[in-house]
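> mind looking at a prediction? Sequence and model below.
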Amino acid sequence: MVLTLCVLPFYVVSAQQIAIRAGHLVDPATGTFAENQIILIENQTITDVGSNLDIASVDEVIDLSESWVMPGLMDAHVHLTTNFPHDIGSGVSMASFYLTESNAYRVLRGVNNARDVLNVGFTTVKDVGNDGNYVAIDLGRAIERGWVEGPTVVATGKIIAAFGGQSSGISPDQSHVWEFEYIDADTPDEIRKAVRQNIYYGADAIKLVADNSAFYYTEEEIGAAVEEAGRAGLSVAVHVLGGEPARNVIMAGAHSVEHGFLLDDELLRLMQERGTFLVGTDFPLEHLQAMAMFIPDPEGLSRAIIDRLRRAHEIGVKMAFGTDVVIDLPSRNRGEMALDYLGVWQEAGVPASKTLQCMTTNAAELLRIQHERGAIASGQFADIVATTGNPLDDIQELRSIHFVMKEGRVIRSDTR
Ligand SMILES: [Zn+2]
């Protein structure tokens with residue numbers, strides 16, 4: 001018997017090197033910029049940044065010498081796989097959506113939304129649940145493997161909530177249908193188990209809803225989630241609007257308050273003291289008007305949101321940009337709608353430099369990825385976007401993003 005050995009040739013593959021000429025390099029952490037910088041990238045990572053780098057031997061030079069170059073944007077509150085139809089009227093239960101859509105359908109929607117948000121410049125998102133049976137985690141894995149295009153996904157898995165999740169009005173004759181989207185957890189021990197379940201299925205962070213019903217989570221219950229998640233190195237985000245439930249969330253040491261539309265100054269000061277992030281999901285009026293099924297008084301809520309954002313900024317609460325787009329507006333995609341929130345931040349008087357910081361540096365800190373994303377510096381992933389004008393002067397310049405790089409790969413490069 002002849003044994004044939006198949007000898008594979010040995011190739012030495014040199015790293016692909018790219019240099020970006022950045023006309024104005026923005027540092028969101030300090031709100032400053034430097035002129036005529038070069039960013040060196042090897043494969044997925046930034047290897048050097050400076051004004052006098054030798055680029056004679058690089059494989060490719062990308063000329064952004066007329067542009068403003070900055071780290072990719074982050075959205076700390078998305079639901080990539082969820083969407084409600086535009087303008088469907090009031091009295092519709094959330095359950096009616098997730099009962100009629102399969103996991104497969106949900107993840108395909110997620111693929112579509114992931115591509116759209118990346119295309120406008122969001123290179124990282126935090127998906128905070130409502131993803132059926134953990135499909136946002138699978139979507140994130142598919143993006144990581146390069147099967148589909150999208151941002152890095154930090155996913156929380158199923159939302160943990162007190163009995164009923166965010167449903168209402170489900171008949172007692174039905175089984176717990178909301179458990180397709182939520183985990184019922186009504187004691188500290190049940191909360192610990194729910195946290196463990198999410199970690200087991202691949203969650204990168206934990207999300208709770210604290211105040212869906214007249215009953216709401218106690219400080220002890222939130223604290224159980226914080227402690228259990230903390231042991232695994234995960235942060236805890238909590239949906240809460242204000243009042244006593246919000247106090248419980250803040251005092252228990254949760255890492256972020258999601259929404260917080262009804263936070264008064266006292267609670268905002270408490271957040272500032274304790275370093276709790278606000279992910280305000282500061283909806284534009286036009287979006288609220290399209291959500292008649294959930295929002296009875298869009299104008300009133302819009303005023304409250306702007307006022308709360310202004311006060312949070314003035315009190316110095318740590319904030320990360322988060323959107324929460326879950327509806328369709330005619331002829332608009334998820335990425336374009338996410339940028340509509342910039343107008344609300346302007347209206348609330350938040351300076352452009354601070355808004356950009358909330359979309360990069362601060363979001364990276366909340367998502368616990370600041371050592372690898374959120375800055376243009378050696379050792380960071382090459383998640384880079386470019387605008388035509390200065391976003392430190394006018395945050396609406398982010399609508400002019402014409403270049404998007406994700407982990408060293410050019411996703412979009414428009415000629416302008
Ligand atoms: Zn949400």
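Cool, got the structure.
> would you mind identifying the next helix or strand past the helix or strand bottoming out on mean pLDDT in the chain?
Lowest by mean pLDDT, DSSP states H and E among the helices and strands of the chain is helix 95-98, with a mean of 76. Toward the C-terminus, helix 95-98 is succeeded by helix 103-120 as the next helix or strand (DSSP states H and E).
> and the next helix or strand after that next one, how far out from the chain's middle?
Downstream of helix 103-120, the next assigned helix or strand under DSSP H and E is strand 122-127. Centre-to-centre, strand 122-127 and its host chain are 4 Å apart (C-alpha atoms, centre = their mean, to the nearest Å).
> can you pull the contacts of Arg274?
Ile250, Met251, Gly253 (C-beta atoms under 8 Å, 6 or more residues apart in numbering). Any C-beta I mention is one placed from the backbone N, CA and C, and that applies to glycine too.
> from Ile55, how far off is the closest residue to the second one other than its chain neighbours?
Put plainly, it is Met251. Among residues not flanking Met251 along the chain, Glu219 sits closest, at 5.1 Å (C-beta to C-beta, 6 or more residues apart in numbering). From Glu219 across to Ile55, the span is 56 Å (C-beta to C-beta, to the nearest Å).
> which of those two has more neighbours?
With neighbours defined as other C-beta atoms under 10 Å, Glu219 and Ile55 compare such that Glu219 has more, 17 against 14.
> what strand or helix carries the closest residue to Trp345 other than its chain neighbours?
Here the nearest residue to Trp345 in space, its sequence neighbours aside, is Thr355; by C-beta to C-beta, 6+ apart that works out to 4.6 Å. Per DSSP H and E, Thr355 falls inside helix 352-358.
> in terms of secondary structure, what does the next helix or strand after that helix contact?
Using DSSP H and E, the helix or strand that follows helix 352-358 towards the C-terminus is helix 361-366. For helix 361-366, the packing partners by 3 or more C-beta pairs under 8 Å, 6 or more residues apart in numbering; DSSP states H and E come out as strand 73-78, strand 122-127, strand 277-279.
> how about those in JSON lines, adding mean pLDDT and mean neighbour count?
Rendered in JSON lines, the data for the helices and strands packed on helix 361-366 read as follows (pLDDT from 0 to 100; neighbours: other C-beta atoms under 10 Å):
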{"stretch": "strand 73-78", "mean pLDDT": "98", "mean neighbour count": "29"}
{"stretch": "strand 122-127", "mean pLDDT": "98", "mean neighbour count": "30"}
{"stretch": "strand 277-279", "mean pLDDT": "98", "mean neighbour count": "27"}
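> need those strands in CSV (columns: distance to Ile159).
Compiled in CSV, the helices and strands packed on helix 361-366 are given as follows (distance: least, C-beta to C-beta, whole Å):
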stretch, distance to Ile159
strand 73-78, 12
strand 122-127, 11
strand 277-279, 14
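> what's the closest of these to Arg409?
strand 122-127 (10.8 Å; C-beta to C-beta).
> before we move on, back to that, how far is the least confident helix or strand of the chain from where the chain is centred?
The chain centroid and the centroid of helix 95-98 are separated by 23 Å under C-alpha atoms, centre = their mean.
> try stretch 209-229
That offset, for stretch 209-229, works out to 22 Å (C-alpha atoms, centre = their mean).
> likewise for stretch 266-280?
Worked out by C-alpha atoms, centre = their mean, stretch 266-280 lies 19 Å from the chain centre.
> I figured His176 hits Ser167, correct?
No - the criterion here is C-beta atoms under 8 Å, and His176 misses it with Ser167 at 9.0 Å.
> more neighbours, those two?
Ser167 (22 against 13).
> show me what contacts the more buried one?
Contacts of Ser167 (C-beta under 8 Å, 6+ apart): Ser93, Met94, Ala95, Val177, Trp178, Tyr182.
> report the secondary structure state of the nearest residue to Arg106 once chain neighbours are set aside.
Spatial nearest neighbour of Arg106, excluding adjacent residues (C-beta to C-beta, 6+ apart): Thr81 at 4.1 Å. Recorded secondary structure, Thr81: coil (DSSP: H, G, I helix; E, B strand; the rest coil).
> so for Thr81, what pLDDT did the model give?
With respect to pLDDT, Thr81 scores 97.
> that one: how many residues sit nearby?
26.
> surely Ile250 touches Ser256?
No - with contact defined as C-beta under 8 Å, Ile250 and Ser256 do not form a contacting pair (10.2 Å).
> now do the shared contacts for those two.
In contact with both Ile250 and Ser256: Thr276, using C-beta under 8 Å, 6+ apart.
> compare those two and say which is more crowded by neighbours.
Ser256 (29 against 23).
> so the more buried one bridges to which residues?
Beta-bridge partners recorded for Ser256 (DSSP bridges): Ala237, Phe277.
> ok, it touching Phe277?
Yes - taking C-beta under 8 Å as the definition, Ser256 is a contact partner of Phe277 at 4.0 Å.
> who touches both of those two?
Joint contacts of Ser256 and Phe277 (C-beta under 8 Å, 6+ apart) are Ala320, Leu366.
> hmm, back to that, which residues sit against the least confident helix or strand of the chain?
Contacts for helix 95-98 (C-beta under 8 Å, 6+ apart): Thr82, Phe84, Asn130, Gly132, Ser167, Ile170, Val177, Trp178, Phe180, Glu181.
> helix/strand/coil for Asp282?
coil.
> which residues of this protein score low on pLDDT?
1-14, 86-92, 415-416 (pLDDT under 70).
> tell me, how many residues neighbour Phe294?
Applying other C-beta under 10 Å, we find 14 residues neighbouring Phe294.
> now it: how far from Ala162?
Applying C-beta to C-beta to Phe294 and Ala162 gives a distance of 19 Å.
> Leu64 against Phe403, yeah?
Yes - using C-beta under 8 Å, Leu64 is in contact with Phe403, at 6.2 Å.
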